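Participant: with the input below, show me the fold.
(chains A and B)
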Amino acid sequence: MLCGQERNCESSDTVLKKEVQMTPTPARVRFAPSPTGYFHIGGARTALFNWLYARHTGGKFILRIEDTDRKRFHSDALQDHLQGLRWLGLQWDEGPEVGGDYGPYFQSQRLHFYQEWADWLIEQGAAYRCYCTTDELNEMRDRQRATKQKVGYDRRCRWLSPAERAAREAAGKSWVVRLAVPLEGEVTFHDAIRGDITYANAQLQDAVLIKSDRWPTYHLANVIDDKMMKITHIMRGDEWLSSVPLHWHLYQAFGWRPPVWAHLPVILNPSGKGKVSKRAIQTPSGATIPVFVHEYQKMGYLSPAVVNFLTGIGWALDGETEIYDRETAIAAFDIHNIQASPGAFPTDKLEWMNGMYIRQMSTEALLSALVPFLSEQLGVEAETLGHDPRLRLLAPAIRERIKTLRDAAPLIDFIWAEDVPIPTAKDLVPRKTTPEQTRVILAAIIERLQHLCEWSEPTIETALRALVGELGVKAGQLFNPIRVAVTGKDVTPPLFVTLAAVGQDVTVQRLQRALAVLTG
RNA sequence: GCCCCCAUCAUCUAGAGGCCUAGGAUGUCAGCCUUUCAAGCUGAAUACAGGGGUUCGAACCCCCUUGGGGGCACCA
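Facilitator: Below is the predicted model:
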């Protein structure tokens, strides 16, 4: 039917190199999730690469919902995908909620296309109805395994005579449609990332195209939709590579020219062993981190950081620059410098990168990002927090101490706590200092701070530094007991701003309480 | 088991036959800074899986081995 000469033009590297140099023609690419589960971080990478390529070429990023698996359908999954894509800023040009000229974009609304084309394939002799039941197939496979034969559909229904078919139809037997793949020969197709790949047809199965419920399988639906939606490049996970020969034969049977295939390397666990899990990622330290996009959002990762991070798995801007915005990535992105080799999910790098993005935020931006997290973690009204001058005072100090937005609360919870734990003498007395020395120092501090007229970071600093000189002690001997007494912690944001935020009355009161511990 | 894909520091990666005694980043370690913790700065250690070819020359091309991954459903 088709089309050797058309295929040839894709399998030549020289042509590909020319394409790189030319201004790219606008691509139509798609992200085609199945709403059987939540939006996975690996899926986000696939979506992102497609989106980058669409933007790079000035083309279209299409969102298509592959909801043909009715058994595993989850009603929340679709919204989770839409929400996740929006959070990442990967707005689609055609698809659910935005429409487009090639809809509908839900496969469940396109069933008639698949059925019509399947019938057409049967008429052409490229496909056939198979009447085998699940039980029969299982039995067949069991027997194949027992006799150590190759496991796979034995094509028994492919060779049925018209009379045999008529009998089965008359008996009302249920059926599926299978593709009649060539028994001999081989198929060579081109992958933009991997080059030419050859499969022996003998390895292929007569795959099911239409299930007994009359719904299509992925194989049929994706080929028809990609054609009808004028998809130019298929960028999807590596796990699809081995079904390309099947799709190739479908394109062949339809007489259509296939899009460019580009199979992205899978993301492996951080250990480098095994594909990243569908549920949780195991870090080398034994902890687990989540895999769903909405979980990253909840954990206080920033969407630009996640996007930047994800671009770096399987692709690199220039091999030097790590932090860059999406416009920079769009300008440089190309299918031909996507890696072929699978890569582990570098969790440490995500942490670092998120911290970098947080540190680049303005105080104002940080504050508004932080408030929902603090509100939830500290149990304080968001409205109240948003106007709290103490938070504003502390924001610059916590900015360089957190890797995620969720890290902030434990750092500054003493501000909103009803009370902080009463420190023990052991906590209050620094190394190389006696309890008696600390008692004297604390008393002097109280005396000094109590009478401070203006309570602010600089005035507190001036007063306390002066005291260090007057008492002839080391800075730490004076500062550390204050920290512990006032916050109940030995690790806090810088002391002076912390005291300024806590307030004069509370500071003095907590210092007195600590002094009592040492006196009593 | 069969088929396909892949192979540069622990990890993400740069590298298109000479620019490579292999570059960047994370992580690790050390130093500086310092009121704690961070951040920042400086420095250090760590890689072309192994073996054969091809070539004047190979991390880059070919083959084999090994290792890793994916697939073999009326799931996508």
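
Participant: quick check: phi and psi on the residue nearest to the spatial centre of chain A?
Facilitator: Residue closest to the average C-alpha location in chain A (Cα atoms, centre = their mean): A:Ile41, at 2.4 Å. The phi and psi values for A:Ile41, taken as degrees, to the nearest 10, are phi -60, psi -30.

Participant: per-residue pLDDT, it?
Facilitator: pLDDT for A:Ile41: 94.

Participant: A:Cys157 contacts A:Cys130, correct?
Facilitator: Yes: between A:Cys157 and A:Cys130 there is a contact at 3.9 Å, judged by Cβ atoms under 8 Å. Using the backbone N, CA and C atoms, a C-beta is placed for each residue, glycine as well.

Participant: give me the common contacts of these two.
Facilitator: Counting by Cβ atoms under 8 Å, 6 or more residues apart in numbering, the residues touching both A:Cys157 and A:Cys130 are A:Arg178.

Participant: tell me which of the two has more neighbours.
Facilitator: A:Cys130 (22 against 19; other Cβ atoms under 10 Å).

Participant: how much space is there between that one and RNA strand B?
Facilitator: As judged by Cβ to the nearest atom of the strand, to the nearest Å, A:Cys130 and RNA strand B stand 8 Å apart.

Participant: now do A:Glu184
Facilitator: Counting by Cβ to the nearest atom of the strand, the gap between A:Glu184 and RNA strand B amounts to 14 Å.

Participant: is it true that that residue touches A:Leu204?
Facilitator: No: between A:Glu184 and A:Leu204 there is no contact under Cβ under 8 Å: 10.9 Å.

Participant: of these two, who's got more company?
Facilitator: Neighbour comparison, A:Glu184 and A:Leu204: the larger count goes to A:Leu204, with 21 against 7 (by other Cβ under 10 Å).

Participant: what about the nearest residue to that one once chain neighbours are set aside, how many residues close to it?
Facilitator: Closest residue to A:Leu204 apart from its sequence neighbours, by Cβ to Cβ, 6 or more residues apart in numbering: A:Val181 at 4.5 Å. Counted by other Cβ under 10 Å, the residues lying close to A:Val181 total 25.

Participant: same thing with the one 4 residues further on?
Facilitator: Taking other Cβ under 10 Å as the criterion, the count of residues near A:Gly185 is 9.

Participant: state the pLDDT value of it.
Facilitator: 94.

Participant: right, and it touches A:Asn201 too?
Facilitator: Yes: A:Gly185 lies in contact with A:Asn201 (Cβ under 8 Å); the separation is 5.1 Å.

Participant: for chain A, what helix or strand is lowest in average pLDDT?
Facilitator: helix A:4-8 (a mean of 31; mean pLDDT, DSSP states H and E).

Participant: mind listing what A:Thr283 touches?
Facilitator: Counting by Cβ under 8 Å, 6+ apart, A:Thr283 has contacts A:Pro270, A:Ile289, A:Thr347.

Participant: just those residues that are near RNA strand B?
Facilitator: Contacts with RNA strand B within the contacts of A:Thr283, as defined by Cβ under 7 Å from any atom of the strand: A:Pro270.

Participant: just the contacts of A:Thr283 now: which is nearest RNA strand B?
Facilitator: A:Pro270 (6.3 Å; Cβ to the nearest atom of the strand).

Participant: could you check how far the closest one is from A:Thr288?
Facilitator: 10 Å (Cβ to Cβ, to the nearest Å).

Participant: what sits in contact with each of those two?
Facilitator: A:Ile281, A:Gln282.

Participant: neighbour-wise, which of the two wins?
Facilitator: A:Pro270 (19 against 12).

Participant: name the SS class of the more buried one, please.
Facilitator: coil (DSSP: H, G, I helix; E, B strand; the rest coil).

Participant: give me the phi and psi angles of it.
Facilitator: Torsion angles, degrees, to the nearest 10, at A:Pro270: phi -60, psi -30.

Participant: test my guess that the residue nearest to the centre of chain A contacts A:Val291.
Facilitator: Yes: here A:Ile41 reaches A:Val291: they are 5.2 Å apart, a contact under Cβ under 8 Å.

Participant: overlap in contacts, the two.
Facilitator: A:Val276.

Participant: need the nearest residue in space to A:Leu268, chain neighbours excluded.
Facilitator: A:Ala344 (4.6 Å).

Participant: A:Asp93 too?
Facilitator: According to Cβ to Cβ, 6+ apart, the nearest residue to A:Asp93 is A:Lys60 (4.4 Å).

Participant: residues contacting that neighbour?
Facilitator: Per Cβ under 8 Å, 6+ apart, neighbours of A:Lys60: A:Pro26, A:Ala27, A:Arg28, A:Val29, A:Ala54, A:Asp93, A:Glu94.

Participant: narrow these to those in helices?
Facilitator: Residues of the contacts of A:Lys60 located in helices (DSSP state H): A:Ala54.

Participant: around RNA strand B, pick out the residues from the stretch 401-520 of chain A.
Facilitator: Counting by Cβ under 7 Å from any atom of the strand, the stretch 401-520 of chain A comes close to RNA strand B at A:401, A:461, A:475-476, A:479-480, A:483, A:490-496.

Participant: got a quick ChimeraX command for the buried subset of the residues you listed?
Facilitator: Filtering these down to the buried ones (16 or more other Cβ atoms under 10 Å) takes a single ChimeraX command:
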select /A:401,461,479,480,483,492,493,495,496
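
Participant: right, and A:Phe73 touches A:Gly37 too?
Facilitator: No: counting by Cβ under 8 Å, A:Gly37 is not a contact partner of A:Phe73; they are 10.1 Å apart.

Participant: which of those two has more neighbours?
Facilitator: Each of A:Phe73 and A:Gly37 has its neighbours counted (other Cβ under 10 Å); A:Gly37 has more, 18 against 14.
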